[in-house]
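Trainee: model this:
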Amino acid sequence: MTHLDNELKLLKTDTVDMWSLVIHQLTKSHDALVEFDKDLAIDVNINEKRVNAFELKLDVDCENILALYNPVAVDLRFVLAVLKINYNLERIGDYAQGIALLVKDAENPFEKELFEKSQVLEMFKASISLLNDTLESFINEDPKLARTVFKKDEFLDEINLKANNTISNMICGKSEDQIKNHLNILSVIRRLERVGDQTKNIAEEIIFYIEAKVLKHKGKNKKEI
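Mentor: Model (predicted):
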């Protein structure tokens, strides 16, 4: 095994570790919301520093590999993909932290009815599932699994599109504290929709490095661009 092979193997291991940490962060933000656990929310906020540290390390490692080993073909695509995946994972970590901070600052527990009608918990489940699927795809170099992310993300988009009407209809006659919680759930929904977008970006990068196919902006017409 060459020095480059060793560096790429270590890079993949560190990327998987960061991925797992981000999934854990999103899962804990879900639990903090459901259980109204402020201590767990604070833990998510503290661990965001670990996510940021991972991002910086992976950036430096990718830059060093590019500078020292001049990778080509699939090796080059892998390093370039990791650079972008790293950014997407850090953004997802930010969204998990943002959700946790909403829980930390909330004055009252969130109503069960609010969870059910907003479908926010279903969004959480789908978001975590998407992240797990892309991680498995990355580990096993499985572009077919990565492609399933695009269809699954539509579920998140659908909930997000109807969220304004859903929350607006629910806040009528509610107290000030309840209205705050409803608006916080709307903010959670927005963040989870963005988690889906970032995960789609990750899936595109996996396909890029394995198949050398660029999917970004595919299907957009010139007016949209």
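Trainee: So which residues of the protein form helices?
Mentor: Here the chain has its helices, by DSSP state H, at 3-35, 38-69, 73-105, 112-118, 120-140, 143-170, 176-211.
Trainee: Mean pLDDT for those - can I get that in CSV?
Mentor: CSV is the format used below for these (pLDDT from 0 to 100):
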stretch, mean pLDDT
helix 3-35, 98
helix 38-69, 97
helix 73-105, 97
helix 112-118, 95
helix 120-140, 97
helix 143-170, 95
helix 176-211, 95
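Trainee: Tabulate these (a markdown table), appending mean neighbour count.
Mentor: Yep, even glycine has a C-beta here, placed from its N, CA and C like the rest. Output for those, formatted as a markdown table (neighbours: other Cβ atoms under 10 Å):
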| stretch | mean neighbour count |
| --- | --- |
| helix 3-35 | 18 |
| helix 38-69 | 16 |
| helix 73-105 | 21 |
| helix 112-118 | 15 |
| helix 120-140 | 19 |
| helix 143-170 | 15 |
| helix 176-211 | 20 |
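Trainee: Next, the contact list for Asn108, please.
Mentor: With contacts defined as Cβ atoms under 8 Å, 6 or more residues apart in numbering, Asn108 is in contact with 177-178, 181.
Trainee: do Asn132 as well
Mentor: Taking Cβ under 8 Å, 6+ apart, we find Asn132 in contact with Ile23.
Trainee: Likewise for Val120?
Mentor: Val120 makes contacts with 33, 114, 159, 185, 188-189, 192, as judged by Cβ under 8 Å, 6+ apart.
Trainee: What is the nearest of the residues you listed to Leu102?
Mentor: Within the contacts of Val120, distances to Leu102 taken as Cβ to Cβ reach their minimum at Val188, with 6.5 Å.
Trainee: I'd guessed that closest one sits against Ala96; true?
Mentor: No - in this structure, Val188 sits apart from Ala96 without contact. The criterion is Cβ atoms under 8 Å, and the distance is 10.5 Å.
Trainee: gap between the nearest residue to Glu90 once chain neighbours are set aside and Glu35?
Mentor: Spatial nearest neighbour of Glu90, excluding adjacent residues (Cβ to Cβ, 6 or more residues apart in numbering): Glu55 at 4.2 Å. Here Glu55 is placed at a distance of 28 Å from Glu35 (Cβ to Cβ, to the nearest Å).
Trainee: cool, and Lys151?
Mentor: Noted for Lys151: a distance of 31 Å to Glu35, by Cβ to Cβ.
Trainee: With Pro71 instead?
Mentor: When Pro71 is compared with Glu35 (using Cβ to Cβ), they lie 46 Å apart.
Trainee: Repeat that for Ile42.
Mentor: On the measure of Cβ to Cβ, Ile42 and Glu35 end up 13 Å apart.
Trainee: And for Asp105?
Mentor: From Asp105 over to Glu35 the distance is 16 Å, taken as Cβ to Cβ.
Trainee: One more: Lys180?
Mentor: Between Lys180 and Glu35 the computed distance is 19 Å (Cβ to Cβ).
Trainee: swap in Ile202?
Mentor: Ile202 sits 28 Å away from Glu35, taking Cβ to Cβ as the criterion.
Trainee: now swap in Glu158 and tell me
Mentor: Using Cβ to Cβ, one obtains 27 Å as the distance from Glu158 to Glu35.
Trainee: With Lys12 instead?
Mentor: Applying Cβ to Cβ, the value for Lys12 to Glu35 is 34 Å.
Trainee: Is Leu130 in contact with Lys152, as I believe?
Mentor: Yes - taking Cβ under 8 Å as the contact criterion, Leu130 and Lys152 are neighbours in contact, 5.8 Å apart.
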